[in-house]
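> Okay, structure incoming, though there's no sequence with it:
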């Protein structure tokens, strides 16, 4: 009995015939993971690019505006953002703020920045003075009394494949774009107060 088993075992070890089923079992899951991961990361970067493109479009619109804006206008440009990013109001929002530098404007660490105003669409909360410590890091240096338009947009992103396949979880993609007014000293909310400004053109991108 032992000799029969030994012969069968040696024949099995020396047999060169067979199929590639074992290799396929190992390779196919890896190929499937690579394909899904590649598509997921490509899709995520595409969605982020779309968000920034929409934000830059809105920021450029606001930088050219010479009259005041109100909530109806803000809701209108939010509709533009939704259209360009193919998203809905339940998973996205937009906020526009105007920031001015009042003193020590050449010193990034000690300068004093203030909000002229801040308003949001689709439930985005208005920024207040306490939020300036988080905003200051994306505001460029500017002359005393000058103002910049700070546009924030967000859209919720759900990856096309299950999280456990690629390890990329759903998230809010937030974009920040800072633009200086082009043709008016400041962008006003409802009515304009007196104040200085700039007519220069400069944009700065910041990622979150």
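All right, it came through fine. Not measured: the values here are computed from a predicted model.
> So, low pLDDT: which residues of this structure?
Where the chain drops to pLDDT under 70, the residues are 1-2, 4-5, 7-10, 12-20, 22, 162-164, 193-208.
> State which helix of it is the longest.
helix 21-63 (DSSP state H).
> Just give me how far the helix or strand following that one sits from the chain centre.
Following helix 21-63 in sequence order, the next helix or strand is helix 71-85 (DSSP states H and E). Helix 71-85 has its C-alpha centroid displaced from the chain centroid by 16 Å (C-alpha atoms, centre = their mean, to the nearest Å).
> Of all the residues in helix 71-85, which ones are buried?
73-74, 77-78, 81-82, 84-85 (16 or more other C-beta atoms under 10 Å). The C-beta positions use only the backbone N, C-alpha and C, and glycine is treated the same way.
> Between helix 71-85 and the longest helix of the chain, find me the angle.
If you take axes from the mean of the first three to the mean of the last three C-alpha atoms, to 10 degrees, helix 21-63 sits at 150 degrees to helix 71-85.
> Mind giving me the packing neighbours of helix 21-63?
Here helix 21-63 touches helix 71-85, strand 147-157, helix 163-166, strand 171-179, strand 203-207, going by 3 or more C-beta pairs under 8 Å, 6 or more residues apart in numbering; DSSP states H and E.
> so is the closest residue to residue 64 other than its chain neighbours in a helix, a strand, or just coil?
Leaving out its chain neighbours, the residue that sits closest to residue 64 by C-beta to C-beta, 6 or more residues apart in numbering is residue 182, at 5.4 Å. Counting by DSSP: H, G, I helix; E, B strand; the rest coil, the backbone at residue 182 sits in coil.
> Give me the phi and psi angles of residue 182.
For residue 182, the backbone dihedrals (degrees, to the nearest 10) come out as phi -100, psi -50.
> what's the answer for residue 70, then?
Main-chain torsions, residue 70, degrees, to the nearest 10: phi -140, psi -170.
> wait, what's in contact with it?
189-190 (C-beta atoms under 8 Å, 6 or more residues apart in numbering).
> Make residue 1 into 21 and carry on from there
Right, with 21 as the first residue, what we last looked at is residue 90.
> so how far is residue 169 from it?
From residue 90 over to residue 169 the distance is 16 Å, taken as C-beta to C-beta, to the nearest Å.
> got it, and residue 89?
From residue 89 across to residue 169, the span is 10 Å (C-beta to C-beta).
> okay, and the common contacts of these two?
Common neighbours of residue 89 and residue 169 (C-beta under 8 Å, 6+ apart) are 82, 116, 207.
> Can you list the buried residues in stretch 173-184?
For stretch 173-184, the neighbour count (16+ other C-beta under 10 Å) marks 173-175, 177, 179, 181 as buried.
> same check, this time on stretch 78-93
Neighbour counts using 16+ other C-beta under 10 Å place 78-79, 82-83, 85, 89, 93 of stretch 78-93 among the buried residues.
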